[in-house]
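Asker: Fold the following, please.
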Amino acid sequence: MAFIDEMESMAASLRIAGYAVATPISEESSSNWDSLSEDESFALKRNYIDAHLAKIKQSDLVLLANYPKNGIGGYIGANSLMEAAFAYALGIPVAYLEQIGEQPCRLEALSISQAIVGEDISAIDSLFE
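Answerer: This next block holds a predicted model:
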């Protein structure tokens, strides 16, 4: 969620190109997690996860915006890996925006992906051919 603004910008570009796009719930990035009890945090996070996984179930493709983070290019966090694995298990193609950098889940992330699309969103079309 560190890149929600970038994801929304990319989603806008994809919509202009004719794609129907669903993004994570942006309110998650502004949630004040420190003010919540552990049980409240679990419940709220579960709601966000459930809502996003429901969107993935309706998708034709999952494109992960894996921007550099924590000094790692093409960073894949826990949520992203979970989303990618969920899509893969459902038979939905998984693509990444950037080449996956050196990190503990690199092998797993690459193993379930169909493509690295880069900044050229027209490369997404080839995934539907």
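Asker: burial count for residue 36?
Answerer: Close neighbours of residue 36, defined as other CB atoms under 10 Å, add up to 14. Where C-beta positions appear, they are placed from N, C-alpha and C, glycine not excepted.
Asker: what does the one 10 residues further on give?
Answerer: The number of residues packed near residue 46 is 10, by other CB under 10 Å.
Asker: Then residue 87?
Answerer: By other CB under 10 Å, the residues close to residue 87 number 23.
Asker: swap in the one 5 residues further on?
Answerer: Here the count is done by other CB under 10 Å, and residue 92 has 17 residues near it.
Asker: do residue 18 as well
Answerer: So residue 18, with other CB under 10 Å, has 7 neighbours.
Asker: Strands of this structure, residue ranges please.
Answerer: 62-64, 94-96, 115-116 (DSSP state E).
Asker: what residues does the second one touch?
Answerer: Yep, that's strand 94-96 we're talking about. Contacts with strand 94-96, where a contact means CB atoms under 8 Å, 6 or more residues apart in numbering, come from 61-64, 66, 74, 76, 84, 87-88, 109, 112-117, 124, 127.
Asker: Go again with 7 Å.
Answerer: By CB atoms under 7 Å, 6 or more residues apart in numbering, the list of residues contacting strand 94-96 from outside reads 61-64, 66, 74, 84, 87-88, 112-117, 127.
Asker: Of those residues, just the buried ones, PyMOL syntax please.
Answerer: A single PyMOL command selects the buried members of the contacts of strand 94-96 (16 or more other CB atoms under 10 Å):
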select buried, resi 61+62+63+64+66+74+84+87+88+113+117
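Asker: closest one to residue 45 among the strands of the chain?
Answerer: Closest approach to residue 45 among the strands of the chain (CB to CB): strand 62-64, 18.7 Å.
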